[in-house]
Structures are given as structure tokens and as C-alpha cells.
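> Sequence and computational prediction follow.
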Amino acid sequence: MADQQPQLDTVEKSKDAFLNLLAQLNDEQFHEFDSFARSALDEYHGQLHQHSHEDATNEDMEVEQHDGSFQPVNDLKMMRLGRMIKDLRAKVPMSAEAPGEKTVIPNTVEFSGFNDNNTVHVDGFLFSEEDVDELCDQGKMSRNYCLDCQSRNVAPLNFISHSASVLQLQFLYQVALANKVKDKVVVDVGSRLGAVLYSGHLFTRAKRLIGVEINEWFCELQKDMIRKYKMDDRVEIQCKDIQQLPELLSKQADVVIMNNVFQFFSELPIQQQIWKYIREQTSKKSGLLLVTLPSLQEQLKEAGLSSNKLMKGWVKEIKLNYDGGWFEDINEDELEEIQQVHLYKVI
């Protein structure tokens, strides 16, 4: 009983502190805090029940080291990619969202407090951090928003991108997939602007690069770019839901790339359905490579699935060396960018 008393005291003190905190919040703050608290408790509850199982699974999960290969890209190809980016900037809004497109801000701890008023969609393929800084200097964009229409009371905006950045694409093809896609079929699930396809055409000798995109506006945009830059010898677009193309995953693809493709566009039940479908189909082709941004573990977790349970018997991770001196003058923010790229092999 003596050992239990301090624990009871801590619980009671925690309850009192929690109630005192709630008393300090106004209605708007309470609703925001309520969303955060529910998400945090859900996540912690899941960790309590899965911790021992997932630790054991992590020990059993196969891991393979990347072979350290590197594929150079010459300046002419980078200049050509730059022309494509300039062309796309003239065709799409700064957010790179399709007309009428609906995005869903996930109700997770990572995106707690994000809403339509304080979140900006800026495409990472079209605009680097330096580009955003320049736009802010020109007054065409702001990094802050006004909290109460008083110019001094501002807060930082949240930035979200739905495309991989140029640096991430360089790391993807020059390091992660270096010497692994020659004469292979690469499938980009949720290809949107086509960044993965255009850079793949420039940087690799892949046999085919297939973009799967459900939004017709993005499909037409990609097809126009493919025709204009004469990439139709190896690049094609399938304007369909990936769930309508099982054989593309189970038989045709050698590499499947997914850049956080479901989290912002589908509710949780649909995300879970698609992930289970992808596991089912790709499991049929041993040796198939999966590239995800961010990690597969993180994406499955955000979809409300047990990452280790789903990954066990499906894939092994190929550990990448992010800080291998691949690119000159890389800073901490850029290092964090490429650390979003993860590579897996179907067992």
C-alpha cells in the first residue's frame, strides 16, 4: 500500500493540473486543445498496447544496407529540369492544386493546429526554400499570418508540399535508386505534376516511367508536358485509381514510388483500404522496390495501421546513407529533406 500512495498522489495532482489548464482556455482555444489532446492520447494508447510487440518485430525485421552507389547528373539535365519547372509555374497556381481540389488536413499530432487559415500549400518541386524567401522579399508571399488584424500580432504559417523537392528527386535517383532502374519499369502512385516522371526520364535509363493519377486535370497537365518535352518514348500516364490497376503493381512494376500520396486526400478508412491493397499486390512480386516519402512506417502509422504488423513478411528496409557527401554544401534543412526518402524491398 505504501508504494501505491505516491502513484495515487501523482495521478490526483495531474488531474488537478489538467483541470486548471482547461479553465484558462477560451472556447476557440478549448476546441483546438481538445483535438490535440484526443490525438495525443490515441497515439499514446496505441503505443502502450503495441510497444512490446513492435519492439520484438523490429528485432526480427530484415534490414539491408544500401550499396553506396551514386549516379551523376550533368548540368545540362539539371538546366532542362529547370526549364520544365519554369514552364509548370506558368501553368499552375503557386499551391499547385487542381481546380476544385479538396485536401484533408490530417487529424494527427504532427498536424495539430493546422487549419485553412494558417496553412499554405506551396509545391516543393516548383519552389525551393530560396524561392519562397525571394517571393516573401517581393511581397508575393508571407511566412506569417495576422492573428487579430493587428500588424504586430502575427504567427508563422504552416507550409505543406504535395510534391518531392528537386533535391529529394536527385537523392532518389542519384543515390537511393542509382544503378537500380536501368531497363526497369518505375511506377509513381499519385503523380500530380509529374515531377518523379520528368526527373526519372532525365536522370535514368528506366525502360518505362508510369504515372498513376486519379485527377483528370493533373493527367492532362502531365500529358501536355510529356508531349512538349518529347518524353513520350518512355513516360506514360494512367488516369485511374491505383486500385483499378492491380497487375501494374503485381506484375509490371519493378519500382513503386509513393510521396505521401494518400494522407491529404483520403479519409482514414480509405487510406487503410488502399495500403492493404498495395501490400497485397506488391507482395506478389519478390524483389520489387518501394520508395516512400516519408517512411513507410510513418505513413502506415498515420493511417491508423500497425506498421510493423503490416510490414512483417512484406518488405525489408534498405538503409540509406543520407550524409555521404553526395551533394556539395548541403545544410541541415536540406539534410532533413533527403532523410524523408526511404527505400524498401519486397521479400
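Yes, it's here.
> Using the record's assignment, carve this structure into domains.
4-59, 67-74+165-346, 76-160 (automatic domain parsing).
> what distance separates the start and the end of the second one?
Spelled out, that is domain 67-74+165-346. 17 Å (Cα to Cα, to the nearest Å).
> want to throw the domains of the chain into a markdown table with mean pLDDT and mean neighbour count?
Every C-beta, even on glycine, is put in place using the N, C-alpha and C of the backbone. Listed next are these as a markdown table, based on pLDDT from 0 to 100; neighbours: other Cβ atoms under 10 Å:
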| stretch | mean pLDDT | mean neighbour count |
| --- | --- | --- |
| domain 4-59 | 62 | 11 |
| domain 67-74+165-346 | 95 | 18 |
| domain 76-160 | 72 | 14 |
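> Show me what Met258 bridges to in the sheet.
Val189, Thr292 (DSSP bridges).
> tell me the contacts of it?
Contacts for Met258 (Cβ atoms under 8 Å, 6 or more residues apart in numbering) come out as Asp188, Val189, Gly190, Ile278, Leu290, Val291, Thr292, Leu293, Gln299.
> Can you tell me which of those residues is closest to Pro99?
Gly190 (17.6 Å; Cβ to Cβ).
> Does the closest one touch Gln263 like I think?
No - with contact defined as Cβ atoms under 8 Å, Gly190 does not count as touching Gln263 (10.5 Å).
> Against Thr10, how distant is the residue nearest to Leu25 when sequence neighbours are not counted?
Here the nearest residue to Leu25 in space, its sequence neighbours aside, is Phe33; by Cβ to Cβ, 6 or more residues apart in numbering that works out to 5.9 Å. Distance check for Phe33 against Thr10: by Cβ to Cβ, to the nearest Å, it reads 22 Å.
> just Lys284 next, same as before
52 Å.
> And Gly82, by the same measure?
In terms of Cβ to Cβ, Gly82 sits 58 Å off from Thr10.
> Equivalent analysis for Thr292, please.
40 Å.
> in the stretch 1-150 of the chain, which spans are strands?
Secondary structure of the stretch 1-150 of the chain by DSSP state E, counting those that start in this stretch: the strands cover 63-65, 119-121, 144-146.
> what do you get for the stretch 151-300 of the chain?
So, for the stretch 151-300 of the chain - with DSSP E, counting those that start in this stretch - the strands run 154-156, 158-160, 185-189, 208-212, 235-238, 255-259, 289-293.
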